[in-house]
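>>> Need coordinates for the following:
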Amino acid sequence: MEHAIVVMALLVVVALIFDFMNGFHDAANSIALMVSTRLLTPQAAVMWAAFFNFIAFLVFGTAVAKMVGKGLIDPDIVNNAVIFGALCGAITWNIITWWLGIPSSSSHALVGGLVGAGVAKGGTSAIIAGGLIKTSVFIIISPMFGMLVAMLLMVLVLWIVEKRSPYPTERVFNKLQFVSSSLYSLGHGGNDAQKTMGIITVLLVANGYQTGFEIQFWVIIACHLAMAIGTLFGGWRIVRTMGMGITRIRPSGAFCAQTSGAIALFLATWLGIPVSTTHTITGAIVGVGMSRRVSAVRWGLASRIVWAWVLTIPCSGLIAATAYYFGRTIM
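Next up is the predicted model:
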């Protein structure tokens, strides 16, 4: 009994480490545009983003957490080894892509980890097809939606300010970025922190510490806090890629990208769909670049990012399946 409690407690800690790494890995999503447009220093930008990551629980419910916890794989087959495998797959893939400076999706790394470990435990019948299909479809929809809305916003902004002096106009948008970046960071915290809530909750259910799938308040606070602390440390390798690598961004473009990203994240979170904040903001940045001209986007770098997206679920799933077999021998 004591051994089981220790194992479960360690897995909760590992889940919070993943949440920390999610904030660390995805900090670039929230702050890169503020830093690249010189709105805030990197230190001030991560503090700004971390604050809104944390308070997101005041705005959103727990629909995404429930989807992750019981909507992707059959919760009846979940045990400590499955959770161990899923977290190992997601964390390992995050470390690899962070080291390479590629903004891949922590969310889909976790999805891939869950599916890989679940299949290793219960075969393909462990997969809940509807949840996986919905999540997979939004891998395509979220960046396309972000790109389209950002492009339309940018065209509208350019039309409105066409006859105005550029310098004072950009100063106005620099101030408006405080609003758009706070909304984006709220959406980021609201969607991403819930994924770890789902993992911890299904772990509590599997170990008999609760019967229903309601998310306990301490889980909500712990996950938002871990993510906010991770954001404070920031993944600077990815900041350079997001803020300066894909296309040149002015304050007006940053405002449009952050606003469209926030709209996409708010919608997805209210619908209970775990989407990638990385995919969403990358699509939005591409949309801003394309509003000027197609050649404004560095398509070589963009294609590298897309390849990372394609590989995320299968690679994290393979790592997770391997980790599950190892975890099964020690848990």
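>>> just the helices in the stretch 1-150 of the chain please.
Counting by DSSP state H, counting those that start in this stretch, the stretch 1-150 of the chain has helices at residues 2-36, 42-55, 63-70, 80-100, 106-122, 129-160.
>>> which of those sits most buried?
helix 106-122 (a mean of 28; mean count of other C-beta atoms under 10 Å). (C-beta placed from N, C-alpha, C; glycine too.)
>>> what ranges of the stretch 51-200 of the chain fall below the confidence cut-off?
In the predicted model of the stretch 51-200 of the chain, residues 101-103, 166 satisfy pLDDT under 70.
>>> redo that, cut-off 90
94-109, 131-144, 146-147, 151, 155, 157-178, 181 (pLDDT under 90).
>>> okay, now residue 188: neighbour count?
Residues near residue 188, counting by other C-beta atoms under 10 Å, number 30.
>>> Kindly provide the distance from it to residue 48.
Distance, residue 188 to residue 48, using C-beta to C-beta, to the nearest Å: 12 Å.
>>> Tell me which of the helices of the stretch 1-150 of the chain sits nearest to residue 253.
Closest to residue 253 of the helices of the stretch 1-150 of the chain, according to C-beta to C-beta: helix 129-160, at 6.2 Å.
>>> Could I get the helices of the stretch 1-150 of the chain in TSV, plus columns for distance to residue 316?
Formatted as TSV, the helices of the stretch 1-150 of the chain follow (distance: least, C-beta to C-beta, whole Å):
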stretch	distance to residue 316
helix 2-36	11
helix 42-55	22
helix 63-70	14
helix 80-100	4
helix 106-122	4
helix 129-160	13
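>>> Which one, of the ones you listed, ends up nearest to residue 207?
Among the helices of the stretch 1-150 of the chain, helix 2-36 comes nearest to residue 207, with 5.0 Å by C-beta to C-beta.
>>> now the angle from that closest one to helix 42-55?
130 degrees (axes from the mean of the first three to the mean of the last three C-alpha atoms, to 10 degrees).
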